[in-house]
Structure formats: C-alpha cells, structure tokens
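>>> Model the following, please.
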Amino acid sequence: MIAAVIAFGSGVLVSPLTFELMEEAFAEGSPTFAIGGFLFGAVIYVAVVLLLDRLAERSPRREGRDPQDVVPGAQRVPETKEQAAVSGMALLVGAVIDGIPENTAICVGLGAEGQGLGPVLLGAVLLGNVPEIIASAVGMREEGRSRAYVLAVWGAVVIACTGATVPGYALLGDLSANLVGALLALTAGGILAMLADTMMPEAFANGEPVVALATAVGFACAFLLSHLTG
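Numbering: from 1, shown residues only. Here you go, the predicted model:
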C-alpha cells in the first residue's frame with residue numbers, strides 16, 4: 001500500500017512538470033533557456049546526490065544516503081561523533097533536495113496558471129512523502145538515533161522546504177521572461193531527476209506490479225484535473 005501511494009504521487013508529479021512547468025517555461029522564454037534550465041536542474045540534483053552518497057559512505061552504519069539504507073545490526077556498530085554528524089547532514093540535505101523541487105512546483109501550481117492543480121499537487125506530495133517519512137523515521141531508529149534526533153531532522157526539512165516556497169515564487173515577478181522560463185524548467189528537471197532517483201525506484205522495489213497502475217492513475221488524475229480547471 002505504501003509503495004502504491006508513493007507511485008501515485010510520482011504519477012501526479014509527472015503531469016505538472018510536463019504540462020505546467022515545461023509548457024509555461026516555453027511560453028515565458030526561449031526554447032534554449034527552457035531546455036538549458038531543465039537539464040541544469042537535473043545536473044544539479046545528480047551532482048548533489050553523488051556528493052551525499054560519498055558523505056553517507058563515511059558512516060559504518062549506513063549503506064547509502066537514504067534513511068532506510070541501514071546495515072543489519074546498525075545500533076551495535078561503533079561510530080565516531082564525526083561520522084554521525086556527517087551521516088546526519090547527508091540525510092538532512094538529501095531530504096531537503098528531494099523536497100524543494102516539489103514545493104516549488106506546488107507554489108507554481110497555486111499561481112495564476114494552475115490554481116486548480118495546486119491543491120491536488122499538494123495532496124499528491126503529501127500522499128507520497130508521508131509514507132516515505134515514516135519509513136525514514138523507522139530507518140533512523142534502527143540506526144540507533146533518538147526520537148529527538150528524528151524529530152529534529154524532519155523539523156529542519158519542513159522549515160527549509162516551506163521557507164523556500166513563497167519567496168521562490170515571489171522572485172518570478174522580478175525576473176526577465178527568459179530567466180523565469182529557465183527557473184521553471186530547472187524545477188521540472190529537478191523533479192524528474194528526483195522521481196527517477198528516489199520515488200519511482202522505491203515504489204517499484206517495495207511493491208507489486210500494481211504500482212505501475214497506480215503511477216498511471218496518478219498521472220491521469222492530475223492531467224484530467226489540469227484540463228478541467230484550465
């Protein structure tokens with residue numbers, strides 16, 4: 001069920017990054033700025049992910065940067081304070097990097113070009129992220145982290161992602177048309193890279209083939225609503 005919910009959220013996110021963000025990027029600026037921004041957004045995401053993977057490898061309790069990537073019996077594995085700090089920072093930054101593109105898309109969806117899609121996108125992100133957060137919290141506890149640690153990490157993620165939403169959209173009005181298009185496309189590139197790296201692999205790794213149907217249903221719902229409210 002968790003995998004299906006995450007897959008549904010993935011499908012919903014595909015629709016706005018295609019028909020809201022990229023279409024608007026092309027309408028606002030030149031194709032060069034739109035495609036350049038899209039690819040740059042994906043490059044930024046991949047570069048940060050590679051850095052986080054290297055940081056996470058420093059902890060003997062982890063197998064990767066995702067909170068669920070915990071070695072068996074992690075609580076009994078010795079770890080220095082420096083290793084714990086680096087591991088925690090990798091988890092925190094990774095969660096923020098995953099969340100900022102989604103929150104930017106929500107803000108764009110709530111704007112003049114997507115008032116109907118914004119609430120649905122918000123719901124899809126909620127449906128996709130809540131199960132992931134629960135699984136992440138379980139992984140942190142298995143790693144030996146305290147409840148205060150888990151709450152502090154996710155509290156920081158909430159503050160960072162929320163703080164980046166409103167001012168990010170407010171800046172759109174002060175930029176040139178080409179830069180607005182590039183920024184919208186950059187957000188789309190970051191979302192697509194995040195989907196390919198995090199949400200979709202996790203859904204298909206932990207769910208039955210029904211997650212493919214859930215992804216399609218999510219896309220269809222968002223696409224239909226965008227046209228009904230367009």
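>>> Which element, helix or strand, includes the residue minimising distance to the centre of the chain?
Closest to where the C-alpha atoms of the chain average out (Cα atoms, centre = their mean) is Asp98, at 3.0 Å. For Asp98, the element it lies in under DSSP states H and E is helix 81-109.
>>> average pLDDT for that helix?
Mean per-residue pLDDT for helix 81-109: 69.
>>> before we move on, back to that, list the residues that contact the residue nearest to the centre of the chain.
By Cβ atoms under 8 Å, 6 or more residues apart in numbering, the contact set of Asp98 is 194, 198. (Each C-beta comes from the backbone N, C-alpha and C, glycine too.)
>>> how close does it get to His227?
28 Å (Cβ to Cβ, to the nearest Å).
>>> and if you look at Thr104?
Taking Cβ to Cβ as the measure, Thr104 falls 22 Å from His227.
>>> next one: Glu23
According to Cβ to Cβ, Glu23 stands 12 Å off from His227.
>>> who has more neighbours, the two?
Taking neighbours as other Cβ atoms under 10 Å, Glu23 and His227 compare with Glu23 leading, 17 against 11.
>>> Can you name the residues in contact with the helix or strand encompassing the more buried one?
Per DSSP H and E: Glu23 is located in helix 23-28. Helix 23-28 has contacts (Cβ under 8 Å, 6+ apart) with 33-34, 37-38, 108, 113, 177-178, 180-182, 184-185, 188.
>>> Next SSE downstream of that helix?
On the C-terminal side of helix 23-28, the closest following helix or strand by DSSP H and E is helix 31-56.
>>> one step back: in the helix holding Glu23, which residues are buried?
With burial defined by 16 or more other Cβ atoms under 10 Å, the residues of helix 23-28 counted as buried are 23-26, 28.
>>> and if you look at stretch 34-49?
For stretch 34-49, the neighbour count (16+ other Cβ under 10 Å) marks 34-38, 41-42, 44-45, 48-49 as buried.
>>> quick one on the thing from earlier: neighbour-wise, give me the winner out of the contacts of helix 23-28.
Neighbour tally across these (other Cβ under 10 Å): the maximum, 31 neighbours, falls on Leu184.
>>> Local confidence estimate at that residue?
Leu184 is assigned 82 on the pLDDT scale.
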